[in-house]
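[1] Fold the following.
(2 chains, ligands or ions: 3)
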Amino acid sequence: MTVTSAPKIVSSRFRFDDSYTLERYLATGGYEGLRKALTMTPEQVAAEVDAASLLGRGGAGFPAGRKWSMLRKAPVRYLVVNGDESEPATFKDHHLIERDPHQLIEGALIAAYAVGAAQAFIYVRGELALGLERVQAALNAAYAFGAVGKNVLGSGFSIDVVLHPGAGAYICGEETALLESLEGKRGFPRIKPPFFPAAIGLYGEPTVVNNIETVSNLPWIITNGGAAFAALGEGASTGTRLFALSGHVRNPGVFEVEMVKTTFRDLIYAPVYGGGVRPGAEVKAFIPGGVSAPWFGPDQIDMPLSQEEVGKAGSMLGSGSVVVMSDQACAVRTAWRITKFFYRESCGQCTPCREGSGWLEKIMHRIEVGAGRMEDLDLLMDVCDNISPGVTWPPAQTTICVLGPSIPSSIASVVRMFSDELLVHVKEGGCPYA
Amino acid sequence: MEQAAGRAGASAAGSSASAAGSAKHFDAATRRKAEDLVSLYPERRSALVPLCHLAQSVDGWLCPDAIREIADLVGISPAEVLGTATFYDLLHTEPVGRHVVSVCTNVACLLRGGEDLLAHAKTSLGVNAGGTDADGQFTLEEVECLAACDRAPCVQVNGRFFGPLAPDDFDSLISDLRDGKLDDVVPSHGVLSRVPRDVGLAAGMSGARTSAGATPGSGSEDRS
Ligand SMILES: Cc1cc2nc3c(=O)[nH]c(=O)nc-3n(C[C@H](O)[C@H](O)[C@H](O)COP(=O)(O)O)c2cc1C
Ligand code: SF4
Ligand code: FES
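    Ligands and ions are numbered 1, 2, ... in the order given. Down below sits the predicted model:
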C-alpha cells in the first residue's frame, strides 16, 4: 500500500477546526501567493502555472496554463470559478468551499490577475448553504483586509469578486450552461463552436472558466513555484489531486493523493484513505471518475491514478470521484439509477440525449424489476448506439454538450462486464440482490 | 399557505409585463437588498436567481407577486422570470412546507441505503415525494446527488446536511425539527445564506461594465 510523502497542497488546512477563518488562513501562509503574484507580471504568473502543467480539475482535464494563454491576445473581461459540483459522487469541491474558502478566493484572484479579468464570479451550487455562507463571510473579510476590491494589497490591481448561488441543475456545471445561468437564464449549454468561452463567454465577452480545485492549487504553485508542483506525479498528470471516495468502502471521504504514484488499490485499501471494502466483501466494480465514466473491474485496481493511463484503458479520471461497488451491489440497479439521473438532468435541447436517456431508463428499470425481455439487451445497445454511434471511448459527439454521449457509459459497462447478471434478471424475472 | 391564490396568481404573472412596474411585494429592507444584488452585475438579468433566492427567504417560495417584482427589477416580463425559475429545482413556484426534506437516492447513497431511507421517510411523514404534509411543516423530495456522498445516505433539510442517517436517526431528526429544537441550525425553507455581502461594487472599478439604469455600487457600500 503506497502513501507517498507528497505535501498536502489544497487540503493542508483541513485539520484545523477554524480552517475557514481569515485568522487561520493568515497564520498558515494565506494570501502570500497573491502577494508574490502581484510583484510578478501577469505573463510570469501564467508561465509559472504552465510550468506546473496543472490540469483542470473540473472533469475535462484541460491544461490550465494553455487555457489562459489562448486569451493573452484579447483582453479578458471575466473569470468564472465553477463550483457547481453536481456530478454524482463528486464532493471534493464541497470540502474546499466549506473548509478553505480563502484559498479558493486567493486562487481566483491570482487567476484573475494572470488573465487580466476585471471581475470574477464564484458560482456555487445552491444546495451548499453552509458553503455559500462561508465563502461570503470569507469574501467580506478579504475585502476588509484589502485582498479584494480596489488596489489589492496596495498593488494598484483592482478586482471585484461576486459570489453567485446556483439553484439546482446538474447541467449548469457545463461551462457554457453555467454562463447562461449566470446571465439569469435557463441553463442551456451553448452551441459550439466556439469551443471555449475564451472567444465568446459571459455577456459575449472573453471569459475564463476554471474549477474550484484548479484555482485552489494556485496559491501553492505561485508560492512554491511551478517546478515544485510538476515534480510531483508523472508525465502530464502532475501534482496532487483530491479524490472523492464513496460507496462500499469503510471510510468514504475526500483524500489528497499524489497523482500516478498512487493506485486505485492504494486509494481504496490504504488505512489512511478508504480503509478497504466492508468486512467479508470484495470489490466487484468501481467507477474511476464520476458517473459519466465507464466502469472498471477488479483487474484494473492496480492502475495508477494517471489521467493518461485511465484514458488509454477506456475511461477517465473525470471529476476525481471513485465509487466502489462490492459484490453485494447489484450492477443493474446501480446503472439504472445513474441512467435515471441523466434522464432527469438532460436539459432537453438535443433529441438523442432527451429521448435516449428516457428509453434507457425505462428498459433498465423493467429489467431490474423483472419485466425484462431477452431482446432488451440488444435494444439497450441499440439505443446507446443511437445516442453515441459506435459506443466508443471517448464517445462520438452527437449533441450540443457531452452530457448526452456520456449516458451510455454505465449501461455499456454493465453489458460488457455483467451480461450474465443482466441475463439472470431477465430469466429469473427479478433482481437476485433484492 | 395560500395554495389556491398562488395558482390563480401564477397565470396572471405570465399575462402582463407592463403591470409589473407597479408591483411592490418586497418590504423596504428586502427591496434595498434586491437593488444591491442587481448592482453587483454588469447586466441586471444576472441577478434573477439571487433575487429568487431572496424572495424565497421571505416567503418560502416564489409567489406571483414576487415574480412580478423580480421581473420589474431585472427588466424582463414575469413570464420570462417564471420560465427561467421553473428550470431550477431549488426554486419553488408552488408553496412548500416550512421544512423541505430532500433525500438523496443517487449512486453513492443508493449503495448505502438511500432508497430504504426514502421509503421510510414517506411512511414516516405520510407523504409521497413531492408532497407536503397537512399542517405545512414538511415537504418531502427525492433528489439527485447533493455532493455529500461521504455522508451517505444523506438528507438535506432547507439546505443543511444530515447523514449518514439510519431510519431511527431520521425520525429523531424530524421530531427535533417539529419541536423547533434545530431552529438555530435549520432556518425555515428559502433561507439560503444568512451571511449578507457587506461591500458593494465599488463605483468606477477597473472597467467593470454596468447596464443601463444600474448605478454601480448604488448605496451598497458598507451595508451589513
Ligand atoms: C455535463 C457537464 C457537467 C459538468 N459539471 C462540472 C462541475 O460541476 N464542475 C466543474 O468544475 N466542471 C464541470 N464540468 C466541466 C466544465 O464544463 C469545465 O470544463 C470546467 O469547469 C473547466 O474548469 P477546469 O479547466 O479548471 O477543469 C462539466 C461538464 C459537463 C459536460
Ligand atoms: S446533450 Fe443533453 S444536456 Fe447537453 S445540451 Fe444536449 S440535451 Fe442538453
Ligand atoms: S449520491 Fe447522495 S449525496 Fe452524492
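
[2] Output the longest strand belonging to chain A.
    For chain A, the longest strand by residue count, based on DSSP state E, is strand A:240-247.

[3] Tell me how far that one lies from the chain's centre.
    10 Å (C-alpha atoms, centre = their mean, to the nearest Å).

[4] right, is the helix or strand following that strand up against ligand 3?
    Following strand A:240-247 in sequence order, the next helix or strand is strand A:253-258 (DSSP states H and E). No - residues of strand A:253-258 contacting ligand 3 under C-beta under 6 Å from any ligand atom: none, with a closest distance of 12.4 Å. All C-beta atoms are positioned from the backbone trio N, CA, C, and that covers glycine.

[5] that older thread, can you tell me if the longest strand of chain A touches chain B.
    Yes - judged by C-beta under 8 Å from any C-beta of the partner chain, strand A:240-247 and chain B are in contact via A:A244, A:L245, A:S246, A:G247.

[6] So that strand, near ligand 1 or not?
    No - Strand A:240-247 stays clear of ligand 1 (C-beta under 6 Å from any ligand atom), getting no nearer than 11.4 Å.

[7] packing partners for that strand?
    If you count contacts as 3 or more C-beta pairs under 8 Å, 6 or more residues apart in numbering or on different chains; DSSP states H and E, strand A:240-247 packs onto helix A:92-99, strand A:253-258, helix A:264-269, strand A:321-326, helix B:107-111.

[8] Which strands or helices does the third one pack on?
    This means helix A:264-269. Looks like helix A:264-269 contacts strand A:240-247, strand A:253-258, strand A:283-287, strand A:321-326 (3+ C-beta pairs under 8 Å, 6+ apart).

[9] Reformat those strands as CSV; add mean neighbour count and mean pLDDT.
    Compiled in CSV, the helices and strands packed on helix A:264-269 are given as follows (neighbours: other C-beta atoms under 10 Å in any protein chain shown; pLDDT from 0 to 100):
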stretch, mean neighbour count, mean pLDDT
strand A:240-247, 27, 98
strand A:253-258, 23, 98
strand A:283-287, 24, 98
strand A:321-326, 26, 98
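
[10] what would those strands look like in JSON lines with distance to B:I70?
    As requested, these are exported to JSON lines (distance: least, C-beta to C-beta, whole Å):
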{"stretch": "strand A:240-247", "distance to B:I70": "35"}
{"stretch": "strand A:253-258", "distance to B:I70": "37"}
{"stretch": "strand A:283-287", "distance to B:I70": "40"}
{"stretch": "strand A:321-326", "distance to B:I70": "35"}
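
[11] I'd like the ones you listed laid out as a markdown table, including distance to ligand 2.
    What follows is the helices and strands packed on helix A:264-269, written out as a markdown table (distance: least, C-beta to the nearest ligand atom, whole Å):
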| stretch | distance to ligand 2 |
| --- | --- |
| strand A:240-247 | 23 |
| strand A:253-258 | 27 |
| strand A:283-287 | 20 |
| strand A:321-326 | 19 |
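
[12] Which of the helices and strands packed on strand A:240-247 sits closest to A:R354?
    For the helices and strands packed on strand A:240-247, proximity to A:R354 was assessed by C-beta to C-beta; helix B:107-111 is nearest, at 21.5 Å.

[13] Point out the other elements, helices or strands, that the helix or strand that that closest one is followed by touches.
    Once helix B:107-111 ends, the next helix or strand along the chain (criterion: DSSP H and E) is helix B:114-125. Secondary-structure packing of helix B:114-125 (3+ C-beta pairs under 8 Å, 6+ apart): strand B:99-104, strand B:138-143, helix B:167-178.

[14] most tightly surrounded among those?
    Greatest average neighbour count among these goes to strand B:99-104 (a mean of 25), per mean count of other C-beta atoms under 10 Å in any protein chain shown.

[15] Verify the contact between A:V257 and A:L267 for me.
    Yes - with contact defined as C-beta atoms under 8 Å, A:V257 counts as touching A:L267 (6.4 Å).

[16] anything in contact with each of the two?
    Residues touching both A:V257 and A:L267 (C-beta atoms under 8 Å, 6 or more residues apart in numbering or on different chains) are A:F243, A:Y273, A:L305.

[17] which one of those residues is nearest B:N128?
    For the shared contacts of A:V257 and A:L267, the nearest to B:N128 is A:F243 (36.5 Å; C-beta to C-beta).

[18] so what are the domain limits for chain B?
    B:2-85, B:99-178 (automatic domain parsing).
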